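Peer 1: Got a sequence here, can you model it:
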Amino acid sequence: MTIEEAAQLLVMAKVLDSRFVEPDDGGFVLRLWSRSLEDVPMAAAEEALGEYYRSARYRETRDSIMPADIVQWYRDRKRYPPAKRGKPVALPDEIHAGVDRVLAALAERKAITAGEDPATAADIAEGETARRRLVQSVACTWPPCKASVGSPCVGPRGVPLSRGRAHEAREAAAAKPSVSLAN
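Peer 2: Residues are numbered from 1 along each chain as shown. Here you go, the predicted model:
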């Protein structure tokens, strides 16, 4: 780290911590920090500074950061780099299957609570899941809604309808047999 970078880092630290040491006119503090952090890149030092002042350690002790804190953070980061996490891949079929399983389990529990035997309750749940899939396979034609295929119907304020309900227009469109144009 150069003298100029150390000066920038000291200014950042002073802004974050009003009790931080003031650099002296002779440049002793500046040279000390520069030498102590000679193998630490400026970007890493800035990151270490930010993390230190957000840490529980600082909140508990209110101790100002020292060059050793930055050096230790940098060495730990080199030794144990953070895991590279990417955005999880969204698999729509798996999501839909999971939603179907949850809704089927809820419908089955509701049927059992209503007094149905478990086999009949499972059939009811399967039928409810198939009906919901069928209804969401068409777009809603109710003018204020206009939900696209796969999306739930919404009310006049744009809030999804509760309990998996759909507008009558959408249910009617789903009930119509599809017309195929065979030659």
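Peer 1: Quick check: which ranges of the protein have low pLDDT?
Peer 2: For the chain, the stretches with pLDDT under 70 are 84-86, 178-183.
Peer 1: so how far is the helix ranked longest in the chain off the chain centroid?
Peer 2: The longest helix of the chain (DSSP state H) is helix 92-113. Relative to its parent chain, helix 92-113 has a centroid offset of 24 Å by C-alpha atoms, centre = their mean, to the nearest Å.
Peer 1: Which of the three states applies to residue 170?
Peer 2: Per DSSP: H, G, I helix; E, B strand; the rest coil, the secondary structure class of residue 170 is helix.
Peer 1: Of all the residues in stretch 46-59, which ones are buried?
Peer 2: Residues of stretch 46-59 classed as buried by neighbour count (16 or more other C-beta atoms under 10 Å): 48, 49, 52, 53, 58. From N, CA and C alone the C-beta is placed, and that goes for glycine too.
Peer 1: Excluding its own residues, what touches that stretch? List them.
Peer 2: Stretch 46-59 has contacts (C-beta atoms under 8 Å, 6 or more residues apart in numbering) with 9, 12, 13, 16, 17, 40, 63, 65, 69, 70, 73, 74.
Peer 1: quick revisit: give me the buried positions along the longest helix of the chain.
Peer 2: Buried positions in helix 92-113, judged by neighbour count with 16+ other C-beta under 10 Å: 100, 103, 104, 107, 108, 111, 112.
Peer 1: Also stretch 24-42?
Peer 2: Counting neighbours by 16+ other C-beta under 10 Å, one finds that the buried residues in stretch 24-42 are 30, 33, 34, 36, 37, 40.
Peer 1: for the fourth one, what are its contacts?
Peer 2: Translated: residue 36. Going by C-beta under 8 Å, 6+ apart, the list of residues near residue 36 reads 67, 68, 71.
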